[in-house]
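Asker: Pasted the sequence and its predicted model underneath.
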Amino acid sequence: MDTLSLLLLLSFLWACIHFLTKSLVARKHGQGNLPPGPRPYPIIGNILQLGNKPHEAFTKLSKTYGPIMTLKLGSLTTIVMSSPDVAKEIFHTHDQVVSNRPIPDSLRALDHHKVSMAWLPAGSTTWRNLRKVCAIQMFSKKQLDATQSMRKKKVQELLDYLQENCNSGSAVDIGQAAFTAILNSISYTLFSIDLVHYHSDTSRTFNELAHGVMEEIGSPNVADFFPVLRFFDPQGSRKRLANYFSQVLKIFDGIINDRLQARASSTKSKESNDVLDALLDLLEEENTSEFSFTDMRHLLLDLFFGGIDSTSRTVEWAMTELLRNPEILVKARNEIRELLGRDGIEKVAEFEITKFPYLQAIVKETFRLHPPGPFLGPRKTETDLNILGFRVPKNAQIFANVWAMGRDSNVWPNANSFTPERFLGSEIDVKGRDYELIPFGAGKRICPGLPLAHRMLHLILAALIYAFDWKLANGLKPEDIDMSEIFGETLHKAEPLMIIPVKV
């Protein structure tokens with residue numbers, strides 16, 4: 001037996017002893033009335049019941065144990081909620097004491113968890129400062145309105161690329177194409193440059209990086225179940241994530257250095273034309289203790305990975321559902337063309353999206369069936385809680401299974417059917433107030449990028465629907481489209497959607 005294997009074995013035995021000791025102490029003092037759940041195995045708990053698609057496994061278990069249940073994942077007590085009522089009780093009534101997150105071991109890569117807005121303790125000074133920077137410099141209505149012409153330009157570049165494929169009759173990986181458009185929109189907002197081009201391999205490389213990051217963050221990791229194993233990183237998740245982060249940070253550092261040199265040599269007055277300029281201005285202010293160079297680099301990392309992957313996946317899922325339901329696609333195109341005529345999608349201002357109620361309904365229905373993050377971000381209890389008569393212990397991990405909520409037949413008639421009409425005339429929205437549909441989360445931890453994602457998603461979908469008709473590649477029939485998923489922090493289609501743009 002080699003040294004590493006021996007160390008891992010000794011660590012596992014230590015974890016087992018530690019776990020048994022905690023279990024005996026807990027049993028001695030009583031667990032209280034925990035939510036029901038499947039009986040855990042010794043040491044490992046319910047880990048074997050996760051499978052490779054935990055969101056589906058938890059949904060199946062909730063049908064037996066109810067909308068709030070307890071699982072033991074190694075030494076970690078996990079509470080899974082699968083109904084809007086329970087979500088409202090936790091995220092609304094008890095939001096203050098469940099606003100922090102357990103830190104996945106993979107995110108300790110490059111100490112990202114210490115400076116990441118997504119994982120810092122809510123209410124901490126650094127967290128508040130980063131949220132403030134995002135709210136003012138990126139996601140305010142004023143900033144979004146000022147940059148919408150740039151996003152229209154990126155959508156037009158997407159349409160130009162699709163027109164080339166229409167002319168040649170070539171199939172397009174629509175998820176990859178959407179990823180390129182969104183990546184360039186974000187990079188132009190951040191740095192005033194396009195990072196990728198449609199005819200290069202760079203976009204696919206970035207896509208693979210984003211996929212890798214989301215998979216490492218979201219996938220089950222034995223180091224999270226048995227924290228005493230963290231030192232060894234037994235699955236290599238932290239090492240892989242550090243590699244992904246380093247690749248992107250190297251690109252950012254090159255851009256930042258070029259900008260610093262340009263600012264130093266410029267005789268012109270400094271103007272914050274993009275997010276990077278605004279952040280560098282903050283660093284140059286006298287009181288820089290509230291925002292550091294490290295904060296900036298990791299904030300850019302959060303903005304980069306957080307917004308691009310989830311939005312492009314939602315575009316791909318929406319187009320998949322439209323190709324499976326061509327009558328819905330026709331109805332959506334008729335709505336858009338009735339208002340625009342032949343003037344072109346570039347005439348639409350982003351704030352006019354309310355003029356397309358059926359398009360909005362399609363987006364909501366896509367979020368219902370295909371939420372970007374099946375569990376949102378995990379939460380952690382700071383004190384013992386009483387939830388619907390059950391005791392939720394301090395330091396428990398809380399998952400909101402929004403994938404299950406969107407397919408709950410008690411909430412949604414014909415829950416597995418893609419039916420945008422259910423949202424016509426409905427007041428249900430995705431902004432965190434309606435717990436039936438919370439793809440961006442709710443409470444303090446609601447996604448700060450919601451305003452930008454909402455605009456980009458509707459604009460890109462409107463353009464794809466308006467500009468082209470679509471047919472499946474390789475003679476595939478709508479009913480034969482592969483709908484299987486790859487689990488991670490976001491849900492990816494297992495097979496990319498290959499479709500051919502056709503002139504309308």
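Answerer: Ah, there it is.
Asker: What segments of this protein are strands?
Answerer: Ranges of strands in the chain, per DSSP state E, are 68-73, 76-81, 172-173, 379-380, 385-387, 390-392, 397-400, 468-472, 485-486, 492-493, 498-503.
Asker: Out of the ones you listed, which is closest to Val155?
Answerer: strand 468-472 (13.0 Å; CB to CB). All C-beta spots, glycine's among them, are computed from the backbone N, C-alpha and C.
Asker: Tell me which of the strands of the chain sits nearest to Thr126.
Answerer: strand 379-380 (17.8 Å).
Asker: tell me what that closest one is packed against?
Answerer: Strand 379-380 is packed against strand 397-400, with contacts defined by 3 or more CB pairs under 8 Å, 6 or more residues apart in numbering; DSSP states H and E.
Asker: helices or strands up against the strand it packs on?
Answerer: So strand 397-400, by 3+ CB pairs under 8 Å, 6+ apart, packs with strand 76-81, strand 379-380.
Asker: Try it again at 6 Å.
Answerer: In terms of contacts (3 or more CB pairs under 6 Å, 6 or more residues apart in numbering; DSSP states H and E), strand 397-400 is packed against strand 76-81.
Asker: strand partners of the strand it packs on, parallel vs antiparallel please.
Answerer: Using DSSP bridges, strand 76-81 pairs in its sheet with strand 68-73 (antiparallel), strand 397-400 (parallel).
Asker: Could you save these as TSV and add columns showing mean neighbour count?
Answerer: Formatted as TSV, these follow (neighbours: other CB atoms under 10 Å):
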stretch	mean neighbour count
strand 68-73	24
strand 397-400	24
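Asker: And these: which comes nearest Ile353?
Answerer: Nearest of those (CB to CB): strand 397-400, 26.8 Å.
Asker: mind listing the helices for the stretch 201-350 of the chain?
Answerer: Listed from the start of the chain, the stretch 201-350 of the chain has helices (DSSP state H, counting those that start in this stretch) covering 202-218, 222-225, 237-265, 275-284, 293-324, 326-340.
Asker: Would you reformat these as a markdown table and include distance to Ala494 and mean neighbour count?
Answerer: Shown next, in a markdown table, are the helices of the stretch 201-350 of the chain (distance: least, CB to CB, whole Å; neighbours: other CB atoms under 10 Å):
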| stretch | distance to Ala494 | mean neighbour count |
| --- | --- | --- |
| helix 202-218 | 12 | 20 |
| helix 222-225 | 24 | 22 |
| helix 237-265 | 20 | 15 |
| helix 275-284 | 34 | 18 |
| helix 293-324 | 11 | 22 |
| helix 326-340 | 22 | 16 |
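Asker: okay, now Leu452: neighbour count?
Answerer: Leu452 has 25 neighbouring residues, counting by other CB atoms under 10 Å.
Asker: For the nearest residue to it once chain neighbours are set aside, list the residues it contacts.
Answerer: Once flanking residues are discounted, Leu452 sits nearest to Phe139: 5.7 Å by CB to CB, 6 or more residues apart in numbering. Contacts for Phe139 were tallied using CB atoms under 6 Å, 6 or more residues apart in numbering; they are Pro448, Pro451, Leu452.
Asker: Kindly state the pLDDT recorded for the last one?
Answerer: Confidence per residue is given as pLDDT, and for Leu452 that number is 91.
Asker: From Thr314, how far out is it?
Answerer: Going from Leu452 to Thr314 by CB to CB, to the nearest Å gives 13 Å.
Asker: Please apply the same query to the second one.
Answerer: Between Pro451 and Thr314 the computed distance is 15 Å (CB to CB).
Asker: still on that earlier bit, need the strands of the chain in TSV (columns: mean pLDDT and distance to Ala181).
Answerer: As requested, the strands of the chain are exported to TSV (pLDDT from 0 to 100; distance: least, CB to CB, whole Å):
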stretch	mean pLDDT	distance to Ala181
strand 68-73	96	38
strand 76-81	95	35
strand 172-173	96	12
strand 379-380	94	33
strand 385-387	92	42
strand 390-392	94	42
strand 397-400	95	30
strand 468-472	95	14
strand 485-486	90	22
strand 492-493	89	17
strand 498-503	95	14
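Asker: Same list (these) but as TSV, adding distance to Val430.
Answerer: Listed next are the strands of the chain as TSV, based on distance: least, CB to CB, whole Å:
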stretch	distance to Val430
strand 68-73	23
strand 76-81	18
strand 172-173	26
strand 379-380	19
strand 385-387	24
strand 390-392	26
strand 397-400	14
strand 468-472	25
strand 485-486	20
strand 492-493	20
strand 498-503	26
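Asker: Tell me which helix or strand in the protein has the weakest average pLDDT.
Answerer: Every helix and strand of the chain was ranked by mean pLDDT, DSSP states H and E. The lowest is helix 3-29, at a mean of 47.
Asker: ok, so of the contacts of Phe139, who is nearest Leu107?
Answerer: Nearest member of the contacts of Phe139 to Leu107, counting by CB to CB, is Pro448, at 17.8 Å.
Asker: Neighbours of the spatially closest residue to the closest one that is not a sequence neighbour, how many?
Answerer: Spatially, and ignoring its direct neighbours in sequence, Pro448 is nearest to Cys134 (4.9 Å; CB to CB, 6+ apart). The number of residues packed near Cys134 is 19, by other CB under 10 Å.
Asker: what's the nearest residue to Ser312 if we skip its chain neighbours?
Answerer: Excluding its sequence neighbours, the residue lying closest to Ser312 (CB to CB, 6+ apart) is Phe179, at 4.0 Å.
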